[in-house]
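fold the following, please.
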Amino acid sequence: ERYRYSREIDPIVGVSFTGLFDFFVHAFGSKWLEWMMNGRPGSSLGRRFMRQEKMYLSLWKGFVRATLEDYCESHDLKVPNRMTTVQPAGTKSLLTGASSGWHPPKAQRFIRRITFGVDDPLVKALSDWGYSVIPAQSAKDEEGNLLDDITDPRVREVLVEIPTEVSWANIPGCDAFDLSKLPAKSQWGLYMQVQKHYTEHNTSATIEFRENEIKELSSLIHSSIEKDTGYISAALLARFDANATFPRLPFEPIDKDTFIRLNENAISYRSALKFIYKKDQLDFLEVLNSYDNEQVELKGASGCDSDKCLSESSKDSDQVGQYI
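A predicted model of the protein is given here:
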């Protein structure tokens, strides 16, 4: 009753977006990216960029409000008090090849590693399609060392490695910057632009920092709270540059030459498949259908949130309940 009453007096609607960082690079070019990498200084160019960011964010917020107000009024519904938000958008950003929410991508080019159960038909199809498949972090021997052979019976999960390039990677001048060095101050500045000029609920935000940035970042947060300039909350994540210490990460930055080489390898695999399938044109779905059938028992990777995982979890709970 209490929840229903809350929904009646303040209906919950949250309209989000994803790919903001990509959009601004396309809109303003490498100069905006350079300004971001330099900490968003308050120069004349910087003030112009901030006005342009505000213009886009306010414009989109206005579209959301006008559209929802029109819809609610035409259907005799209460108009929500707040309408805009920015959610993490991890899945949608991956599906569309966009950066997540307002966040910067991890790099212009990177290897994206996705976890699958070892028997998932997608693994075989993606391998045929030219992508590398390696054991996941969970695949270890008795001494805790990572396994390297996906045919090892101890391997229950694997990683498919997909070379990825952001949509603006080849814009002139954008290759000159290492996004892992993007200052926490710049992340904060872009996040607060979104919070001030678009978001009415909350903006999902993760700000990555290094130790020497802690004092400046804490000062920015404290000042915003003290002056009530719009800050609500943000996750703070320490950066590290240690692929050797933490191997097989979900994102591993690579250079342009490596991306081209991995991509060309995948394309050559697909060319060979045409001879196997005896077709001049072949799409991925055809390859997947050759492995995916009703006899395949699909098991999700551990910790996943798919409906398969949830249903399996429900079964396990029921069995535990019976024993109790």
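
quick one: low-confidence parts of this structure?
Within the chain, the stretches with pLDDT under 70 are 241-245, 294-324.

now the most centrally placed residue in it: closest residue in space that isn't a chain neighbour?
Among the residues of the chain, Gly90 comes closest to the average C-alpha position under C-alpha atoms, centre = their mean, at 3.7 Å. The spatial neighbour of Gly90 that comes closest, neighbours along the chain excluded (C-beta to C-beta, 6 or more residues apart in numbering), is Ser100 at 5.7 Å. The C-beta positions use only the backbone N, C-alpha and C, and glycine is treated the same way.

I'd say that neighbour and Gln87 touch.
No: Ser100 is not in contact with Gln87 according to C-beta atoms under 8 Å; the separation is 9.5 Å.

of those two, who's got more company?
A direct count of neighbours by other C-beta atoms under 10 Å for Ser100 and Gln87 places Ser100 higher, at 23 against 17.

what strand or helix carries that one?
If you go by DSSP states H and E, Ser100 is not part of any helix or strand.

ok, so what distance separates it from Ser16?
Distance from Ser100 to Ser16, counting by C-beta to C-beta, to the nearest Å: 11 Å.

identify the contacts common to those two.
Ala89 (C-beta atoms under 8 Å, 6 or more residues apart in numbering).

the longest helix in the protein is where?
As assigned by DSSP state H, the longest helix anywhere in the chain is helix 44-74.

which residues of the protein fall in helices?
Here the chain has its helices, by DSSP H, at 2-9, 20-28, 30-37, 44-74, 90-96, 121-128, 184-197, 214-227, 256-277, 284-289, 307-323.

which one, of those helices, ends up nearest to Phe110?
Closest to Phe110 of those, according to C-beta to C-beta: helix 256-277, at 8.4 Å.

residues in contact with that closest one: which ones?
Under C-beta under 8 Å, 6+ apart, the answer for helix 256-277 is 108-109, 111, 128-132, 163, 165, 169, 175, 254, 280-282, 286-287.

repeat that for stretch 146-157.
With C-beta under 8 Å, 6+ apart as the test, stretch 146-157 has contacts from 115-118, 133-141, 158, 247-248, 301-302.

not including adjacent chain positions, what is the nearest residue to Arg288?
One thing to correct before we go on: residue 288 is Leu, not Arg. That would be Ala125: by C-beta to C-beta, 6+ apart, it lies 4.1 Å from Leu288.

so how far is Lys274 from the one you found?
From Ala125 to Lys274 the distance is 15 Å (C-beta to C-beta).

of these two, which one has the most company?
Higher neighbour count among Ala125 and Lys274: Ala125, with 20 against 12, using other C-beta under 10 Å.

I'd say the more buried one and Asp283 touch.
No: contact between Ala125 and Asp283 fails when scored by C-beta under 8 Å: they sit 11.1 Å apart.

Lys196 - how many residues pack around it?
Look at Lys196: counted by other C-beta under 10 Å, it has 16 neighbours.

got it, and Asp128?
Counted with other C-beta under 10 Å, Asp128 comes out at 19.

for it, give its distance to Pro163.
Asp128 is 16 Å from Pro163, by C-beta to C-beta.

still on that earlier bit, can you put the helices of the chain in JSON lines and add distance to Arg154?
Compiled in JSON lines, those are given as follows (distance: least, C-beta to C-beta, whole Å):
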{"stretch": "helix 2-9", "distance to Arg154": "47"}
{"stretch": "helix 20-28", "distance to Arg154": "40"}
{"stretch": "helix 30-37", "distance to Arg154": "44"}
{"stretch": "helix 44-74", "distance to Arg154": "50"}
{"stretch": "helix 90-96", "distance to Arg154": "29"}
{"stretch": "helix 121-128", "distance to Arg154": "16"}
{"stretch": "helix 184-197", "distance to Arg154": "40"}
{"stretch": "helix 214-227", "distance to Arg154": "41"}
{"stretch": "helix 256-277", "distance to Arg154": "27"}
{"stretch": "helix 284-289", "distance to Arg154": "26"}
{"stretch": "helix 307-323", "distance to Arg154": "21"}
